[in-house]
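Participant: here's my sequence, what's the structure:
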Amino acid sequence: MICDICGVRDAMMVVQQVSTSGQKEVHLCLQCAAQRGLSTSNGKIEMSLAGLFDSIAKLRKNQRQCPVCGTNEGDVEKIQRLGCPECYNIFAPKLKSLLEKRGITGSYTGSLPERLTGSNSVLVDRMQLKKKLEQSVAQEEYEKAALYRDRLKALDKCAVGTEIPDTRSSGECSV
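Facilitator: Now for the predicted structure:
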């Protein structure tokens, strides 16, 4: 677990408050606990728990929150899961930093479900053709650029999930 206060160090203490309204837990590293007057040396907590939980509530109010499911940045980092598809857009910078901490960079290169293979190839081909078109124009290879342009136009006419047309023939999409 990571400390709920600093979000950097590993938590070494768990402070739990139980009341009629529910139960709250705060995970603390030793430095954050010491800054708030908590000590494990004598086995007693020297500070009121209300002050500790108020600081956590203020911290969470400053975090971004998904308007669809209510998940906040702290939840994403703590449980390492998202609440809904919209969370991917809202927490994109946070997700990128979390993945980089684990040494994961770049785009996903794994397998796709069978039902998505056709749609992905058209999208990927479109991006690759667009890149090749830009490179051809930059290098003043206009014949190649024209072929890539025609291929892109043919892809725009095709529905997702169909085979990619051969621009040298009729240019029609085949199913």
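Participant: which stretches of the chain form helices?
Facilitator: All helices of the chain, identified by DSSP state H, fall at 30-35, 49-61, 73-79, 86-90, 92-101, 117-138, 142-157.
Participant: ranking the ones you listed by mean pLDDT, which is last?
Facilitator: Here those differ in mean pLDDT, and the lowest is helix 49-61 at a mean of 58.
Participant: about what we covered before: what's the closest of the helices of the chain to residue 12?
Facilitator: helix 30-35 (5.2 Å; CB to CB). From N, CA and C alone the C-beta is placed, and that goes for glycine too.
Participant: hang on, the earlier thing: could you dump the helices of the chain to a markdown table with distance to residue 107 and mean neighbour count?
Facilitator: Putting the helices of the chain into a markdown table (distance: least, CB to CB, whole Å; neighbours: other CB atoms under 10 Å) gives the following:
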| stretch | distance to residue 107 | mean neighbour count |
| --- | --- | --- |
| helix 30-35 | 36 | 16 |
| helix 49-61 | 31 | 13 |
| helix 73-79 | 20 | 17 |
| helix 86-90 | 14 | 15 |
| helix 92-101 | 11 | 12 |
| helix 117-138 | 11 | 14 |
| helix 142-157 | 21 | 15 |
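Participant: between those, which gets nearest to residue 20?
Facilitator: The nearest among the helices of the chain, by CB to CB, is helix 49-61 at 14.7 Å.
Participant: follow-up on the earlier one: distance to residue 5 for the helices of the chain - can I get that in JSON lines?
Facilitator: Below are the helices of the chain laid out as JSON lines (distance: least, CB to CB, whole Å):
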{"stretch": "helix 30-35", "distance to residue 5": "4"}
{"stretch": "helix 49-61", "distance to residue 5": "7"}
{"stretch": "helix 73-79", "distance to residue 5": "10"}
{"stretch": "helix 86-90", "distance to residue 5": "23"}
{"stretch": "helix 92-101", "distance to residue 5": "17"}
{"stretch": "helix 117-138", "distance to residue 5": "42"}
{"stretch": "helix 142-157", "distance to residue 5": "52"}
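Participant: do you know which of those lies nearest residue 14?
Facilitator: Using CB to CB, the helices of the chain put helix 30-35 closest to residue 14, at 10.5 Å.
Participant: how many residues are close by the nearest residue to residue 33 once chain neighbours are set aside?
Facilitator: Nearest residue to residue 33, sequence neighbours excluded (CB to CB, 6 or more residues apart in numbering): residue 13, at 5.3 Å. If you count neighbours by other CB atoms under 10 Å, residue 13 ends up with 16.
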